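Peer 1: here is a sequence with its predicted model. Questions after.
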Amino acid sequence: MELRKTSLLFGKIISVDGSKITIKAETLKNKDGKDTLHAEVGAFINCGGYHGDTICTITRVLIQEIERKGSVEENKLVEAAIVGSVDVEGKFTRGVSKLPTINCESYFLSGEQVNQFLGINVDSSGDKQDGESKKFFKVGKRSMQGAGDAYLNLDKLLGRHVAIVGTTGSGKSSTVARIAQSILENYPLPRLIFFDIHNEYKNAFSEQWANKSNCIAWENFSLPYWFLDLDEFISIYYPEAGGTQKMYLKEIIEGLKKESYNGSDQEKVSVDSPIFFDIEALIEKIKEKRDKETADSKKDPFNKMILKIQSIHNDSRFSFLKREAENKISLASYFTELLGLNDKSQRFITVLDLSGLPAEVRTICVGVLARLCFDYRYWDMDPENLPLCLILEEAHTYIPEDTSSKYSLCLERVEKIAKEGRKYGISLIVVTQRPSNISSTVLSQCGTFITLRLTNDLDQNKIKRLLPDLLGDQADILSSLRDGEALITGDAMTLPGKVRFDPPSPKPKSNDVRYHKSWVDGPPPGYSVEDITRWWTIRERNEQKVEHS
């Protein structure tokens with residue numbers, strides 16, 4: 001692989017200062033076949049000499065004017081940061097054993113050259129050729145002129161978690177959808193689970209992806225109450241429970257689960273075992289304990305417990321907890337459906353519409369789902385049997401940087417995955433518009449950051465602190481990135497920089513509202529206030545899309 005093309009020679013080093021070098025350029029652009037490569041911030045160059053090939057990224061370009069004998073000379077100067085080197089076998093490694101020397105020649109690098117020394121070998125049609133290249137999948141193009149296609153390393157992207165951050169309208173949902181679609185396109189048997197808080201992604205996995213995806217609408221979503229551990233059950237059904245009441249609930253639920261269990265090792269069943277029990281039987285057992293008391297003051301705690309549990313159990317907003325009670329769905333059947341492992345029709349991405357979760361228990365339910373997925377991977381002894389990836393949309397709404405008790409259960413579950421998930425084959429894609437408000441524990445465990453446009457100072461500063469120094473002034477462009485353009489840093493992209501993501505096809509249902517069109521054309525035919533208020537009243541949406549011309 002030739003990294004020192006004479007046609008791409010543009011200058012010589014005049015200063016070396018640790019990891020920073022300065023080049024006096026003869027030209028600020030060179031032609032490579034059809035592409036013209038420019039000395040622009042973020043572009044990659046090679047400072048090659050007897051010491052070897054040193055890969056750098058341009059951090060600053062300037063013209064220095066010098067007066068000499070009545071005339072003005074212009075020095076074209078290019079400043080660059082060292083990111084790594086290429087060894088004799090043509091393999092890129094971070095860091096260098098020898099720094100380049102003064103007068104060392106500098107060359108522009110094309111996208112093809114960069115991808116080759118990164119181990120991404122593709123033919124002219126874009127198809128990968130060898131087994132090692134299968135780790136990489138294409139997501140878009142590097143933003144610099146002639147810098148080529150951008151690929152992410154799947155193992156490092158998901159093996160060490162990833163954060164996707166960006167202001168509303170920056171193209172965050174489209175970026176998430178494009179990454180998931182690219183994974184479906186390049187890998188035959190992935191396992192992705194979307195926690196879709198606003199019901200955006202069903203549309204993104206229709207059409208050509210329909211036979212690979214399992215989009216579970218809110219009307220069909222189920223989180224059986226008998227899968228909850230004791231803390232989760234109490235948090236939903238009776239959050240005001242005191243120590244004594246918790247003890248009673250533990251004793252009764254454990255007894256009911258043991259009665260329901262048909263195996264020989266009944267003594268090993270605990271209150272946290274995911275075994276069906278009848279919640280009506282639980283209420284009856286509490287009544288029996290109440291009736292044994294003679295004083296009204298001792299009966300009151302039991303009455304409060306009964307009223308609270310009954311009110312939640314009978315509340316239509318919480319019907320998702322008992323939707324599978326009639327057939328007493330087992331944990332095995334639930335995960336077979338959740339992971340798309342049905343023999344007749346396997347599905348590789350599951351989109352859970354969580355938009356109908358009652359606000360007061362949303363964080364708890366997300367925590368329960370995360371814990372169930374973690375426990376499933378924990379009890380599978382080989383992390384490579386069926387690695388999972390959880391995509392946490394609008395993560396700041398349920399795992400914030402907040403010590404309030406209402407978030408504690410969900411934070412504990414998700415932070416455990418962030419810290420330990422790598423060992424068990426479960427990964428997180430954390431998606432948020434407010435990185436400054438999200439759990440620092442979760443964010444600090446992310447190995448890759450995909451940062452779209454950020455306009456808030458607090459968000460920018462939090463992300464800048466996590467970005468490597470070699471990016472230089474590139475970190476200052478976060479507020480001016482285009483829609484769908486991101487600064488990618490970390491493990492999944494060995495050479496950090498700006499990337500323009502390919503648009504997803506089809507797109508998620510998150511496009512900006514076309515006010516100008518709606519306020520010119522008016523409501524579509526068939527628009528009915530009666531229908532809307534009826535759906536509102538019975539809390540059941542009509543998912544049929546109204547076609548707008």
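Peer 2: Received, thanks. The model shown is predicted, which means the values in this text are computed figures rather than measured ones.
Peer 1: and the host helix or strand of Ala332, average pLDDT?
Peer 2: With elements taken from DSSP states H and E, the one containing Ala332 is helix 331-338. For helix 331-338, the per-residue pLDDT values average out at 95.
Peer 1: what do you get for stretch 120-138?
Peer 2: Model confidence over stretch 120-138, given as mean pLDDT, is 68.
Peer 1: what's the answer for stretch 37-54, then?
Peer 2: For stretch 37-54, mean pLDDT rounds to 92.
Peer 1: next: stretch 304-322.
Peer 2: 95.
Peer 1: what is the burial count for Pro525?
Peer 2: Under the neighbour criterion other C-beta atoms under 10 Å, Pro525 is assigned a count of 8. Every C-beta, even on glycine, is put in place using the N, C-alpha and C of the backbone.
Peer 1: could you do Arg534 as well?
Peer 2: Counted with other C-beta under 10 Å, the burial measure for Arg534 works out to 12 neighbours.
Peer 1: and it, what pLDDT?
Peer 2: 88.
Peer 1: got phi/psi on the spatially most distant residue from the centre of the chain?
Peer 2: When distances to the mean C-alpha position of the chain are computed (C-alpha atoms, centre = their mean), the maximum falls on Lys69, with 60.2 Å. Backbone torsions for Lys69, taken as degrees, to the nearest 10, come to phi 50, psi 50.
Peer 1: gap between it and Lys76?
Peer 2: Distance check for Lys69 against Lys76: by C-beta to C-beta, to the nearest Å, it reads 20 Å.
Peer 1: CA-only coordinates of the helix holding Ala332 in CSV, if you can.
Peer 2: Output of helix 331-338 as CSV, limited to C-alpha atoms (Å, rounded to 0.1, in the frame of the first residue of the first chain):
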residue,chain,number,x,y,z
LEU,A,331,-40.4,-16.3,30.9
ALA,A,332,-39.1,-18.6,28.1
SER,A,333,-42.1,-17.7,25.8
TYR,A,334,-41.7,-14.0,26.6
PHE,A,335,-38.0,-13.9,25.6
THR,A,336,-38.7,-16.1,22.5
GLU,A,337,-41.0,-13.4,21.3
LEU,A,338,-38.9,-10.5,22.6
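Peer 1: after it, heading C-terminal, what element do we hit next?
Peer 2: Using DSSP H and E, the next helix or strand after helix 331-338 towards the C-terminus is strand 349-353.
Peer 1: now the helix or strand just after that next one and helix 331-338, what's the angle there?
Peer 2: Once the chain leaves strand 349-353, the next helix or strand it forms, by DSSP H and E, is helix 362-379. For the pair helix 362-379 and helix 331-338, the angle between their directions (axes from the mean of the first three to the mean of the last three C-alpha atoms, to 10 degrees) equals 110 degrees.
Peer 1: in helix 362-379, what's buried?
Peer 2: 362-378 (16 or more other C-beta atoms under 10 Å).
Peer 1: what of stretch 9-22?
Peer 2: Here stretch 9-22 shows 9-13, 16, 20-22 as buried, counting by 16+ other C-beta under 10 Å.
Peer 1: among those, show me the least confident.
Peer 2: When it comes to pLDDT, Lys20 is the least confident member of those, at 89.
Peer 1: chain neighbours aside, what residue packs nearest to that residue?
Peer 2: Spatially, and ignoring its direct neighbours in sequence, Lys20 is nearest to Ala81 (5.9 Å; C-beta to C-beta, 6 or more residues apart in numbering).
Peer 1: quick check: the one you found touching Ile55?
Peer 2: No. Ala81 is not in contact with Ile55 according to C-beta atoms under 8 Å; the separation is 10.2 Å.
Peer 1: how is the chain carved up into domains?
Peer 2: 6-117, 137-222+329-501, 226-321 (automatic domain parsing).
Peer 1: same list (those domains) but as JSON lines, adding distance to Pro524.
Peer 2: Conversion of the domains of the chain to JSON lines gives the following (distance: least, C-beta to C-beta, whole Å):
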{"stretch": "domain 6-117", "distance to Pro524": "44"}
{"stretch": "domain 137-222+329-501", "distance to Pro524": "18"}
{"stretch": "domain 226-321", "distance to Pro524": "30"}
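Peer 1: okay, the ones you listed, which one's buried deepest?
Peer 2: domain 137-222+329-501 (a mean of 19; mean count of other C-beta atoms under 10 Å).
Peer 1: what about that domain, distance to the chain center?
Peer 2: Counting by C-alpha atoms, centre = their mean, to the nearest Å, domain 137-222+329-501 is centred 1 Å from the centre of its parent chain.
Peer 1: then stretch 35-53?
Peer 2: 32 Å.
Peer 1: pull the CA atoms of that stretch into PDB?
Peer 2: Extracted C-alpha coordinates of stretch 35-53, given in PDB (Å, rounded to 0.1, in the frame of the first residue of the first chain):
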ATOM      1  CA  ASP A  35     -10.900  13.700  -6.300                       C
ATOM      2  CA  THR A  36      -9.100  16.900  -5.200                       C
ATOM      3  CA  LEU A  37      -7.800  16.700  -1.700                       C
ATOM      4  CA  HIS A  38      -7.500  19.900   0.400                       C
ATOM      5  CA  ALA A  39      -5.600  21.000   3.500                       C
ATOM      6  CA  GLU A  40      -8.800  21.400   5.600                       C
ATOM      7  CA  VAL A  41      -9.400  20.900   9.300                       C
ATOM      8  CA  GLY A  42     -10.100  17.200   9.900                       C
ATOM      9  CA  ALA A  43      -8.300  15.900   6.800                       C
ATOM     10  CA  PHE A  44      -5.700  13.100   7.300                       C
ATOM     11  CA  ILE A  45      -2.100  13.300   6.200                       C
ATOM     12  CA  ASN A  46       1.000  11.200   6.300                       C
ATOM     13  CA  CYS A  47       4.400  12.600   7.400                       C
ATOM     14  CA  GLY A  48       6.600   9.900   6.000                       C
ATOM     15  CA  GLY A  49      10.400   9.600   6.200                       C
ATOM     16  CA  TYR A  50      13.100   7.200   7.400                       C
ATOM     17  CA  HIS A  51      11.400   6.900  10.700                       C
ATOM     18  CA  GLY A  52       8.300   5.400   9.100                       C
ATOM     19  CA  ASP A  53       4.800   6.600   8.300                       C
END
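Peer 1: CA atoms of stretch 84-103 as CSV?
Peer 2: In CSV, the C-alpha atoms belonging to stretch 84-103 read as follows (Å, rounded to 0.1, in the frame of the first residue of the first chain):
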residue,chain,number,x,y,z
GLY,A,84,-0.7,7.1,15.1
SER,A,85,1.5,5.3,12.8
VAL,A,86,1.5,2.5,10.1
ASP,A,87,3.9,-0.4,10.7
VAL,A,88,5.9,-2.3,8.0
GLU,A,89,2.9,-4.7,7.6
GLY,A,90,0.7,-1.8,6.7
LYS,A,91,-1.3,-1.9,9.9
PHE,A,92,-2.3,1.2,11.8
THR,A,93,-1.6,1.6,15.5
ARG,A,94,-2.3,4.5,17.8
GLY,A,95,0.7,6.3,19.1
VAL,A,96,4.2,6.5,17.7
SER,A,97,7.6,5.1,18.6
LYS,A,98,9.5,7.8,16.7
LEU,A,99,8.4,11.4,16.0
PRO,A,100,8.8,12.7,12.4
THR,A,101,11.8,14.9,11.8
ILE,A,102,12.3,18.5,10.5
ASN,A,103,12.1,18.6,6.7
